[in-house]
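1. would you be able to build a 3D model of this:
(one chain, ligands or ions: 1)
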Amino acid sequence: MKKTPPTTTAASLLERLKATPLYIQIFIALILGVTVGVLFNDPQYKDLLNGLAIFPNLILKVLKALAPPLILVAVLHAFLTAEIPARTAPRLLFLLLSNTVAAIVIGLLVANTVQPGLHSQLTAPLSGVRATDKVFDPLGLIESSIPATIVQPLAENNVLQVVVVAITFGLALRAVKTQQQQQGKRDYLPLEQAISTLFELVIRVLGWVVTLVPFAVFGVVARVVGLQGFAPFKALGFFVVAVLLALFLQGCFYLTRVGLQSWVKPLDFLKGGSDAFSTAFSTASSTITMPVTFRALTDKIRLRESSASLGALVGSNFNNDGTALYEAMSALFIAQLLNQNLHLEQQLLVVLTSIVASVGAAGIPEAGLVTMTLVFTAVGLPVEYIVLLVTVDWFLDRCRTTINVMGDMTVAAVLDGKQPGSKEPLVTGA
Ligand code: ASP
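-> Prediction:
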């Protein structure tokens, strides 16, 4: 009988693995993790199980390292590509901000009511600041958001400062581009192309990291089940339900806003947006969904193209309400797990940093997980617990992306006003 050369078998196995959707890989990793955890649930295997933390720890390290460059190029890229007419800017800003604040408040209300983290307890690391020691110091926060040198935030991985630098230079770059365009110059083009390429580059690396997520899931699950049993996952289950509930309430908030502040009927909004919602859920990327969002707004819901493009283009870059809600809830959840209940002051800090983190989050899969380090660091929570969330993030990412897209569409509908536009030509070829 002819034997298949081992390299060919390995290659075809790799091909098959690549063709398997990530969620199935994660599901397999979950089952393997549980099996290993149950089989090695004995103190004599403690070192072995602790050794498995290498997978999630490595991924967390890479995510942390990727956060500053990702935020920097994503924000610069967003400023260069988004077209915001000066007279709409204040209204747009108000809409974006009020939606995000509503999302975070809903998230915090649900997290404080359901208290998912109280369903099991983890021991906090011995060293380091406790989240409850942090005091809300807005002036100190403003002061610390300005870096001593331009490169310091990148060198020290200070995500808040990176966001500030990125927004400042993004605004300046935009102004320079507009001025040069008015003068008929095109000197900005090489820089714009370089930033676009850099953005693609970071996304490519993040994509590689995402392919390794199943290993992290396996490591976390096997270690947690082996050392602590299923108790932490019970809490994680409550957390998933709490996040879903909060996202649902945020969806209701959008529909109410659309009903009250635009000419679009909420039901038509839901029906017309169904393609965009399903694309967002299946891709976990509001950026990839953007063309579908735009088309749903113009063709199905029939908004004016100007409002549709503002909502879809600007929104998919800066408006990530689902992400903001998720980051705030995650911080509260981990604090509850560590028995460090955050007081109102610290929750305010969570609100502020979640807003900044959601602006810095690119519309790509797992971006929220990357910027979450900002929220955790700001409130003094140990970032190593973010790996626990990796086990459920693949699913919650899809759900929050759908809400992110729904938020962009809400902004577009409200900007369209109370009167339907005169019938504009539909985009053909849908
Ligand atoms: N995946 C989300 C989006 O594309 C961002 C996130 O990870 O929260 O909108």
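2. for Thr279, grab the count of nearby residues.
-> 21 (other CB atoms under 10 Å). Placement of C-beta: from N, CA and C, glycine included.
3. packing partners for the helix or strand where it lies?
-> In the assignment (DSSP states H and E), Thr279 maps to helix 274-283. If contacts are counted by 3 or more CB pairs under 8 Å, 6 or more residues apart in numbering; DSSP states H and E, helix 274-283 sits against helix 286-295, helix 386-415.
4. looking at these, which is buried most?
-> Ranked by mean neighbour count under mean count of other CB atoms under 10 Å, these are led by helix 386-415, which reaches a mean of 25.
5. any idea of the angle that helix forms with helix 286-295?
-> Here helix 386-415 runs at an angle of 20 degrees relative to helix 286-295 (axes from the mean of the first three to the mean of the last three CA atoms, to 10 degrees).
6. what mean pLDDT does helix 386-415 have?
-> Mean per-residue pLDDT for helix 386-415: 92.
7. likewise for stretch 308-323?
-> Averaging pLDDT along stretch 308-323 yields 84.
8. any idea which element the closest residue to the ligand within the chain lies in?
-> Here the residue of the chain nearest the ligand is Gly368; by CB to the nearest ligand atom that distance is 2.7 Å. In this structure, Gly368 sits in helix 367-379 according to DSSP H and E.
9. rewinding a little: now the helices and strands packed on helix 274-283 in JSON lines, with distance to the ligand?
-> Rendered in JSON lines, the data for the helices and strands packed on helix 274-283 read as follows (distance: least, CB to the nearest ligand atom, whole Å):
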{"stretch": "helix 286-295", "distance to the ligand": "3"}
{"stretch": "helix 386-415", "distance to the ligand": "4"}
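10. returning to what we had before: show me what the helix holding Gly368 is packed against.
-> helix 54-81, helix 159-182, helix 321-337, helix 344-360, helix 386-415.
11. show me the shaky parts of the stretch 1-150 of the chain.
-> 1-8, 10, 13-14, 17, 123-136 (pLDDT under 70).
12. strands of that one, residue ranges please.
-> Shown for the stretch 1-150 of the chain, no strands are assigned by DSSP state E, counting those that start in this stretch.
13. got a list of what Leu245 touches?
-> Neighbouring residues of Leu245 by CB atoms under 8 Å, 6 or more residues apart in numbering: Val110, Val114.
14. secondary structure element for it?
-> Per DSSP H and E: helix 231-261 holds Leu245.
15. can you give me the buried ones in that helix?
-> Buried residues in helix 231-261, counted by 16 or more other CB atoms under 10 Å: 232-233, 235-236, 238-240, 242-243, 245-247, 249-251, 253-255, 257-258, 261.
16. tell me, what residue is most central in the chain?
-> The centre of the chain sits closest to Gly368, judged by CA atoms, centre = their mean, with a distance of 2.3 Å.
17. right, and the helices and strands packed on helix 274-283 - which one's nearest Asn99?
-> Closest approach to Asn99 among the helices and strands packed on helix 274-283 (CB to CB): helix 386-415, 5.4 Å.
18. who's in contact with Gln161?
-> Taking CB under 8 Å, 6+ apart, one finds Ser144, Ser145, Ile146, Pro147, Gln152, Pro153 in contact with Gln161.
19. cutoff 7 Å now
-> Residues in contact with Gln161, defined by CB atoms under 7 Å, 6 or more residues apart in numbering, are Ser145, Pro147, Gln152, Pro153.
20. so who does the first one touch?
-> Right, Ser145. Per CB under 7 Å, 6+ apart, neighbours of Ser145: Leu160, Gln161, Val164.
21. ok so, going back, what about the closest residue in space to the residue nearest to the centre of the chain that isn't next to it in sequence, how many residues nearby?
-> Spatial nearest neighbour of Gly368, chain neighbours left out: Thr323 (4.2 Å); criterion: CB to CB, 6 or more residues apart in numbering. When counting by other CB under 10 Å, one arrives at 31 neighbours for Thr323.
22. any idea how far Leu342 is from the closest residue to Gln347 other than its chain neighbours?
-> Closest residue in space to Gln347, ignoring its immediate chain neighbours: Leu108 at 5.8 Å, by CB to CB, 6+ apart. Here the criterion is CB to CB, to the nearest Å. By it, Leu108 lies 9 Å from Leu342.
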